[in-house]
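Chemist: pasting a predicted model and its sequence here:
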Amino acid sequence: MDLHQNTNYTMLCDFYEITMGGGYFSAGLKDRIAYFDAFFRSVPDDGGFAILAGLQQIIDYINDLSFSEEDIAYLESRGLFRQEFLDYLRTFRFTGDIWAVPEGTPIFPGEPILTVRAPAIEAQFIETFLLLTLNHQSLIATKSNRIVRAARGRPVMEFGSRRAQGPSAAILGARASYIAGCVGTACTQSDRDYGVPALGTMAHSWIQMFPDEYTAFETYCRLYPRNATLLVDTYNVLKSGIPNAIRAFKEVLWPMGIRQCGIRLDSGDLTYLSNHARQMLDEAGLEECKIVVSNSLDEYIIQDLIQQGAKIDSFGVGERLITARSEPVFGGVYKLVAIEDDSGAVIPKIKVSENASKITTPHFKKVYRIFEKDSGKAIADYICIHDEVPDWDQPLELFDPVNTWKRKTITDYTARELLVPVFKDGKQVYDSPSIEEIRDYCARQVDLLWEEVRRFDNPHPYIVDLSLKLWTIKNDLVDQYSSKKTI
């Protein structure tokens, strides 16, 4: 189900997308075929990789893309656009091609994660929505995966809706977190719309509404005996919260034959409290009772808690996940990389900058992931021109595109193309997987990365290489434009 079924997102674009569209139309360039790449420049938190998410929302957007009469009336009121252009927008639809990396795939800086081939107006116009969708969900998926890996197999729940930057950020952020490995979310609408399991415990206000803590616990256990996780830090964790929880579990759940239950800690020294709580629960015969903790957690705090020996069974993570608080911008960009001339030949285009990291890689490209045969682990990504046909039976020389003296020849490898067709001639050709399939795929793909690439601090750099042909074209274009004199 789409997030807002009755919302027209066509006008969710930078205004210059429309002014450039009008310019292309008037300049006779509206049918010029253009190629754009979406890519990102650096991994958040200085991590070794990112996780792509958001493709399904882009598919929904492209399928629904059209201007309403209300949209046309607004544009006409601006007094900037020719009537012929406004009439053209009345029948505007996406008619081009899109290739993308599947959701849940680990991705790396500088490589195309989505490529558009379409008439210039169409390709330009979809920039804003593509970027806001990929940037947001990939950011949250990347952060969530770090937190999930820090938990070392212990379940992580996304608890951040109330701290998200708006409704869409909460709902789609929960979706991205689930793809990346969280077991569920506090956000009910994300469960209803996307199948992300809605989970939760209780609020402090529930306990405060009753005359005493035990009555609050006892009432909750009778109402929700199969989902009894009690919040034990409203008053005093060790002196009242846990003793009252133990009493409620024994007096209400045990007579029903129910042994599964839980407590949640939301404040205090979580290592100290969880260890003492575990001891008290075990001594009371509640070995099956789970301990859940929350309270401004992230991957580093979770890592420390585990290293300190905290007796924690699962984590609820809120604001630092749903806002990616440590680095809240993904930094994906969308750049023109080629056009077609009148004969249909692909002409590479480049953006040159004094900042080397902002020099784009030109041309219509393919991306391959290279795997070591023996281990099955990913060892490099290899970018080449769309019509290159690498001979994968031969040794492959990889070299650093900047420091070209850094070279490595590999043998006994396999290659898999990353970008898959999503739209052809404006028609969806991609069979969208379920969210469970995406989640399982993500876990498998992350496991294919070496542990050195997955570590949080100073991860080993993953190789993203250009074919010699592509590298030569890029450097020839840099030389060509760098040597041009300005008047």
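Modeler: Ah, there it is.
Chemist: can you give me how far the longest helix along the chain is from the chain middle?
Modeler: Counting by DSSP state H, the longest helix found in the chain is helix 127-150. Centroid displacement of helix 127-150 relative to its chain, using C-alpha atoms, centre = their mean, to the nearest Å, is 3 Å.
Chemist: I figured Val464 hits Asp381, correct?
Modeler: Yes - with contact defined as C-beta atoms under 8 Å, Val464 and Asp381 form a contacting pair (4.8 Å). Yep, even glycine has a C-beta here, placed from its N, CA and C like the rest.
Chemist: show me what counts as buried in stretch 249-265.
Modeler: For stretch 249-265, the neighbour count (16 or more other C-beta atoms under 10 Å) marks Phe249, Val252, Leu253, Cys261, Gly262, Ile263, Arg264, Leu265 as buried.
Chemist: residue nearest the centroid of the chain?
Modeler: Geometric centre of the chain, nearest residue: Ser138, 2.1 Å, by C-alpha atoms, centre = their mean.
Chemist: do you know how far that residue is from Leu286?
Modeler: 41 Å (C-beta to C-beta, to the nearest Å).
Chemist: give me the domain ranges for this structure.
Modeler: 15-140+328-482, 150-322 (automatic domain parsing).
Chemist: next, the distance between the ends of the first one.
Modeler: By that I understand domain 15-140+328-482. For domain 15-140+328-482, the first-to-last residue distance is 31 Å (C-alpha to C-alpha, to the nearest Å).
Chemist: just to revisit the earlier point, contacts only, for the residue nearest to the centre of the chain.
Modeler: Phe40, Ala50, Ile51, Leu52, Ala53, Gly54, Ile107, Ala176, Phe330, Gly332 (C-beta atoms under 8 Å, 6 or more residues apart in numbering).
Chemist: any residues in contact with both of Val464 and Asp381?
Modeler: With C-beta under 8 Å, 6+ apart, Val464 and Asp381 have common neighbours Phe108, Glu111.
Chemist: so how far is Tyr382 from Ala415?
Modeler: 7 Å.
Chemist: now Ala338, what's its secondary structure?
Modeler: Three-state assignment for Ala338 (DSSP: H, G, I helix; E, B strand; the rest coil): strand.
Chemist: excluding residues flanking it in the chain, which one is nearest Trp392?
Modeler: Closest residue to Trp392 apart from its sequence neighbours, by C-beta to C-beta, 6 or more residues apart in numbering: Ala415 at 5.1 Å.
Chemist: do Ile473 as well
Modeler: Per C-beta to C-beta, 6+ apart, closest to Ile473 is Pro348, 5.8 Å.
Chemist: repeat that for Ile246.
Modeler: Ala284 (4.6 Å).
Chemist: got it, and Leu65?
Modeler: Leu65 sits nearest to Phe94 (C-beta to C-beta, 6+ apart), 5.2 Å away.
Chemist: quick one: pLDDT of that neighbour?
Modeler: We have a pLDDT of 98 for Phe94.
Chemist: which ones are touching it?
Modeler: Ile62, Leu65, Ala118, Glu122, Ile126, Phe423, Gly426.
Chemist: right, and the last one touches Thr95 too?
Modeler: The reference is to Gly426. Yes - in terms of C-beta under 8 Å, Gly426 counts as a neighbour of Thr95; the distance is 4.0 Å.
Chemist: quick check: neighbours of the helix or strand hosting Arg264 in the sheet, parallel or antiparallel?
Modeler: Using DSSP states H and E, Arg264 sits in strand 262-265. Strand 262-265 has its sheet partners listed here by DSSP bridges as strand 229-231 (parallel), strand 290-293 (parallel).
Chemist: check which element follows the first one along the chain.
Modeler: Looking back up the chat, that one is strand 229-231. Past strand 229-231, the next helix or strand by DSSP H and E is helix 242-248.
Chemist: circling back to that earlier point, next one: the residue nearest to the centre of the chain from Gly331, what distance?
Modeler: From Ser138 to Gly331 the distance is 10 Å (C-beta to C-beta).
Chemist: hey, what's in contact with both of the two?
Modeler: With C-beta under 8 Å, 6+ apart as the test, Ser138 and Gly331 both reach Phe40.
Chemist: test my guess that the residue nearest to Ile473 contacts His363.
Modeler: Yes - Pro348 is within contact range of His363, at 4.1 Å (criterion: C-beta under 8 Å).
Chemist: tell me which of those two has more neighbours.
Modeler: A direct count of neighbours by other C-beta atoms under 10 Å for Pro348 and His363 places His363 higher, at 25 against 20.
Chemist: looks to me like that one is in a strand.
Modeler: No - using three-state DSSP, the assignment for His363 is coil, not a strand.
Chemist: list the contacts for it?
Modeler: Tyr35, Val337, Ala338, Val346, Pro348, Ile385, His386, Leu470, Ile473, Lys474.
Chemist: same thing but at 6 Å, please
Modeler: Taking C-beta atoms under 6 Å, 6 or more residues apart in numbering, we find His363 in contact with Val337, Ala338, Pro348, Ile385.
Chemist: nearest residue to the second one in space, please, no chain neighbours.
Modeler: Nearest in space to Ala338, with sequence neighbours left out and distances taken as C-beta to C-beta, 6+ apart, is Tyr35 at 4.0 Å.
Chemist: helix/strand/coil for that neighbour?
Modeler: strand.
Chemist: and for Gln57?
Modeler: Going by three-state DSSP: Gln57 is helix.
Chemist: could you give the number of residues near the closest residue to it other than its chain neighbours?
Modeler: In this structure, Gln57 finds its nearest non-sequential neighbour in Thr133, 5.0 Å apart by C-beta to C-beta, 6+ apart. Counted with other C-beta under 10 Å, the neighbours of Thr133 add up to 25.
Chemist: what about Thr133, distance to Ser168?
Modeler: 10 Å.
Chemist: for the stretch 201-350 of the chain, which segments count as helices?
Modeler: 204-208, 213-223, 242-248, 270-283, 299-307, 319-322 (DSSP state H, counting those that start in this stretch).
Chemist: what do you get for the stretch 351-487 of the chain?
Modeler: Under DSSP H, counting those that start in this stretch, the stretch 351-487 of the chain gives helices at 435-447, 451-454, 468-482.
Chemist: let me see the contact set for Met20.
Modeler: Contacts of Met20 by C-beta under 6 Å, 6+ apart are Gln124.
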